[in-house]
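S.K.: quick one, structure for this:
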Amino acid sequence: MDSRSSLLVRLHIDPQLLSGALILCGLGLVVLYSAGDQSMDVMVRQTIRMCIGIVTMILVAQISPARLARWAPFLYVFGILLLFAVFLFGTGRSANRWLHLGIVQFQPSEIMKIAVPVTVAWFLFDKVLPPNLRTIIVSMLLVLVPGFLIIQQPDLGTALLVMAAGLFTLFFAGISWRWIFSAAGVGLIIAPLGWFLLHDYQRQRVLTLFDPQRDPLGSGYHIIQATIAVGSGGISGKGWLRGTQSHLEFLPERATDFIFAVYCEEFGFIGVIVMLAAYAMVLARSLRIALSAQDSFGRLLAASLTMTLFIYVFVNMGMVTGQLPVVGIPLPLVSYGGTSLVTILAGLGILMSIHTHKRFIVYS
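M.R.: Numbers count the residues shown, from 1 in each chain. Next up, the predicted model:
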């Protein structure tokens, strides 16, 4: 074992997860330089955020799964208190989703993407599996409370991802298909009522998915311009810094939610394959860690985090290509932003901890 490998082992770092994360962060910086109008200020801010995220990932990897399980209820309560604080002190352009703490601002709902699956896995790990009805009800309450609070901000996209993270944990616990089909049936029955509970702009997004041309300069503008950018990239793309949709400012939110459209236009199908390969490397390694976890807590948490990351990527790419409604979900490790980036890297740190602490226990 060389000195570099020995250092990674001592720091509980998984080389494959680290490599995949660094590749995606690197791709993010490359495309962000173009999407951000070649602004070095934007690049410096994002680089600092990436460094903070990587340091966070390494620090989280030092926390053993047993200790993380003990901290789970406190992390959950802390996250709920932050969500309540958003109602009192939150800021934002179109919705109050952010908290300002001096020179730092962050989005508390992002923290719940980690807190919810950690807490549900903690609640389930010493229970008889598959879970009984009482266990399912308590788990659902742990999921629905933060989901409801986030919806009130309003932030439906993040709320759905937070609830999905918790529900994935429950699903991997072996919940009976009878309960899954029953819940799906109830969902179909109340879906028409849910339509009327949506805000006007949320209903417009759903309608626009089926017919973007119904309002090409309004609600359909994002999807139309994004699909033009994606399609115009062709096989090899127009070249770095040569994307017309972004540089002529036709493409909105090009550094955040729609950065994948910029990437497709400039790097084409070949570039997309490279990015998908990097995501596949991270997801495959995460799944392997979940399958080899030594206890139910690590297994449930790792599987949930893996599936949540997959949904993150799937929803953003589906949104940009016009296959899903626009819900404001950034592309993991690529889009401009701080809280989401740090949260995702912290999740990778948890996966590293589950794998490397297992190895230390087995071989100590």
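S.K.: OK, contacts around His247?
M.R.: Contact partners of His247, counting by CB atoms under 8 Å, 6 or more residues apart in numbering, are Ser34, Asp37, Leu241. Any C-beta I mention is one placed from the backbone N, CA and C, and that applies to glycine too.
S.K.: okay, the last one and Ser19: tell me how far apart.
M.R.: This points to Leu241. Using CB to CB, to the nearest Å, one obtains 26 Å as the distance from Leu241 to Ser19.
S.K.: just the buried residues of the contacts of His247.
M.R.: Neighbour counting over the contacts of His247 (16 or more other CB atoms under 10 Å) leaves Ser34 as the buried ones.
S.K.: lowest pLDDT pick from the contacts of His247?
M.R.: Least confident of the contacts of His247 in the model: Asp37, at 70.
S.K.: so where do the helices sit in the stretch 1-150 of the chain?
M.R.: Secondary structure of the stretch 1-150 of the chain by DSSP state H, counting those that start in this stretch: the helices cover 3-10, 15-35, 40-61, 65-89, 108-124, 133-151.
S.K.: show residues contacting the fourth one.
M.R.: Contacts made with helix 65-89 from outside it, assessed by CB under 8 Å, 6+ apart, are listed as 63, 96-100, 108-109, 111-112, 114-116, 118-119, 121-123, 125, 142, 145-146, 149-150, 152-153, 295, 297-298, 301, 350, 353-354, 357-358.
S.K.: for the strand or helix carrying Gly271, packing partners?
M.R.: Per DSSP states H and E, Gly271 falls inside helix 259-292. Applying 3 or more CB pairs under 8 Å, 6 or more residues apart in numbering; DSSP states H and E, one finds that helix 259-292 makes contact with helix 15-35, helix 221-232, helix 244-247, helix 296-320, helix 339-363.
S.K.: any idea how far that helix is from the chain center?
M.R.: 14 Å (CA atoms, centre = their mean, to the nearest Å).
S.K.: now the angle from that helix to helix 296-320?
M.R.: For helix 259-292 against helix 296-320, the angle by axes from the mean of the first three to the mean of the last three CA atoms, to 10 degrees is 160 degrees.
S.K.: count the neighbours of Met50 for me.
M.R.: Here the count is done by other CB atoms under 10 Å, and Met50 has 21 residues near it.
S.K.: what of Gln153?
M.R.: As a measure of burial, Gln153 has 21 neighbours, counting by other CB under 10 Å.
S.K.: same check, this time on Thr119
M.R.: Applying other CB under 10 Å, we find 27 other residues in the vicinity of Thr119.
S.K.: cool, the one 4 residues further on as well?
M.R.: Close neighbours of Phe123, defined as other CB under 10 Å, add up to 23.
S.K.: contact partners for it?
M.R.: Counting by CB under 8 Å, 6+ apart, Phe123 touches Ala72, Thr135, Val138, Ser139, Leu142.
S.K.: from the residues you listed, which two are the most distant?
M.R.: Spatially, the most separated pair among those is Ala72 and Thr135, at 15.6 Å (CB to CB).
S.K.: so where's this protein shaky on pLDDT?
M.R.: Across the chain, the ranges flagged by pLDDT under 70 are 1-5, 92-95, 195-197, 358-364.
S.K.: the residue nearest to the spatial centre of it and Gly338: what is the separation?
M.R.: Centroid-nearest residue in the chain, with CA atoms, centre = their mean: Tyr312, separated by 4.5 Å. According to CB to CB, Tyr312 stands 16 Å off from Gly338.
S.K.: and Pro216, by the same measure?
M.R.: According to CB to CB, Pro216 stands 33 Å off from Gly338.
S.K.: comparing the two, which residue is more hemmed in?
M.R.: Gly338 (19 against 13).
S.K.: ok, the more buried one - contacts?
M.R.: Going by CB under 8 Å, 6+ apart, Gly338 touches Arg49, Ile52, Phe106.
S.K.: tabulate those (JSON lines), appending distance to Gly328 and neighbour count.
M.R.: Shown next, in JSON lines, are these (distance: CB to CB, whole Å; neighbours: other CB atoms under 10 Å):
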{"residue": "Arg49", "distance to Gly328": "19", "neighbour count": "19"}
{"residue": "Ile52", "distance to Gly328": "23", "neighbour count": "14"}
{"residue": "Phe106", "distance to Gly328": "17", "neighbour count": "18"}
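S.K.: between these, which is closest to Val274?
M.R.: Closest to Val274, out of all of the contacts of Gly338 and judged by CB to CB, is Arg49, at 22.7 Å.
S.K.: once you drop chain neighbours, what's closest to that closest one?
M.R.: Using CB to CB, 6 or more residues apart in numbering and skipping the chain neighbours, the partner closest in space to Arg49 is Gly338 (4.4 Å).
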